[in-house]
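Asks: Just need the structure, nothing else, for what follows:
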Amino acid sequence: MKAAAGILAELAAQVEALGAQLCTNPEVVAHHITELQAIDLIAQKQLHLADLLLADCPHAAVEAMRIEEVKRRIGSAFPAKVA
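Replies: Numbers count the residues shown, from 1 in each chain. Presented below is the predicted three-dimensional model:
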């Protein structure tokens, strides 16, 4: 799991770097802002998944997720947390 998390984190960094590079071109930004935002979202989702794979407590990792779609989809895959 640690290796998979590392790969996801590397991919997220590469995707973020690609988006940042594209943002240096004003024409690209003007014409592709939605796509650039999607690039950022992809990187964020990858980091959430990497954090989940590394977490000692998967429930806590899901709770810490800031992207509600990922939180909902991943959270529904785990059995309810027993108090």
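Asks: after the helix ranked longest in the chain comes which helix or strand?
Replies: For the chain, the helix that runs over the most residues, judged by DSSP state H, is helix 26-54. Toward the C-terminal end, the helix or strand that comes next after helix 26-54 (DSSP states H and E) is helix 58-64.
Asks: buried stuff in that next one?
Replies: Residues of helix 58-64 classed as buried: Pro58, Ala61, Val62 (neighbour count, 16 or more other C-beta atoms under 10 Å). Any C-beta I mention is one placed from the backbone N, CA and C, and that applies to glycine too.
Asks: now swap in stretch 61-75 and tell me
Replies: By neighbour count with 16+ other C-beta under 10 Å, stretch 61-75 contains the buried residues Ala61, Val62, Met65, Val70, Lys71, Ile74, Gly75.
Asks: Tell me who's in contact with the last one.
Replies: Listed by C-beta atoms under 8 Å, 6 or more residues apart in numbering, the contact partners of Gly75 are Val62.
Asks: Distance check, it against Glu68.
Replies: The gap separating Gly75 from Glu68 is 10 Å, by C-beta to C-beta, to the nearest Å.
Asks: can you tell me which residues contact the closest residue to Ala55 other than its chain neighbours?
Replies: Take Ala55 and drop its neighbours on the chain: the residue closest to it by C-beta to C-beta, 6 or more residues apart in numbering is Ala61, 3.6 Å away. Listed by C-beta under 8 Å, 6+ apart, the contact set of Ala61 reads Asp51, Leu52, Leu54, Ala55.
Asks: Skip the chain neighbours and tell me the closest residue to the most centrally placed residue in the chain.
Replies: Closest residue to the average C-alpha location of the chain: Lys45 at 1.8 Å, with C-alpha atoms, centre = their mean. The shortest distance from Lys45 to any residue that is not its chain neighbour, by C-beta to C-beta, 6+ apart, is 5.4 Å, and that residue is Val70.
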